[in-house]
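Sequence and predicted structure are below.
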Amino acid sequence: MEQANGSILQAARRRNRVRELRENKLMTQAQLAKKARVALRTIHSVEKGMNCRMDTKRKILLALGLSFEDKSQVFLD
């Protein structure tokens with residue numbers, strides 16, 4: 001059962017690369033949330049693969065130093 005749960009979580013994480021990019025910039029979730037001006041729980045949810053609004057994606061992209069045109073490289077859905 002643990003392996004099945006791990007596979008589900010891994011599949012969800014593949015929906016975006018936010019965690020990977022955030023960690024590459026040595027940022028905490030709290031730092032990214034503050035810079036993107038979104039709630040910490042929003043970052044947590046996005047990194048778990050939950051859907052978010054286009055405006056939230058834009059804020060996260062900009063906070064990571066990317067442009068909105070980079071959306072397809074970060075958000076894989």
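Everything's here; your move.

what about the spatially closest residue to A36 that is not a sequence neighbour, neighbour count?
Setting aside the residues directly before and after it, A36 is nearest to A63 in space (Cβ to Cβ, 6 or more residues apart in numbering), at 3.7 Å. Where you see a C-beta, it was placed from the backbone N, CA and C, and this is true even at glycine. Around A63 sit 21 other residues, with neighbours defined as other Cβ atoms under 10 Å.

Ok, R19 next?
Here the count is done by other Cβ under 10 Å, and R19 has 17 residues near it.

That one - nearest residue in space that isn't next to it in sequence?
Excluding its sequence neighbours, the residue lying closest to R19 (Cβ to Cβ, 6+ apart) is E47, at 4.4 Å.

What's the separation between the one you found and E20?
9 Å (Cβ to Cβ, to the nearest Å).

Between the two, which has more neighbouring residues?
The neighbour comparison of E47 against E20 (other Cβ under 10 Å) goes to E47, with 21 against 12.

quick one: contacts for that one?
Under the criterion of Cβ atoms under 8 Å, 6 or more residues apart in numbering, the neighbours of E47 are R13, N16, V18, R19, R22, Q29.

per-residue confidence at the last one?
Note on Q29: pLDDT of 98.

roughly how far apart are it and E69?
Distance, Q29 to E69, using Cβ to Cβ: 25 Å.

swap in the fifth one?
Counting by Cβ to Cβ, the separation of R22 from E69 is 19 Å.
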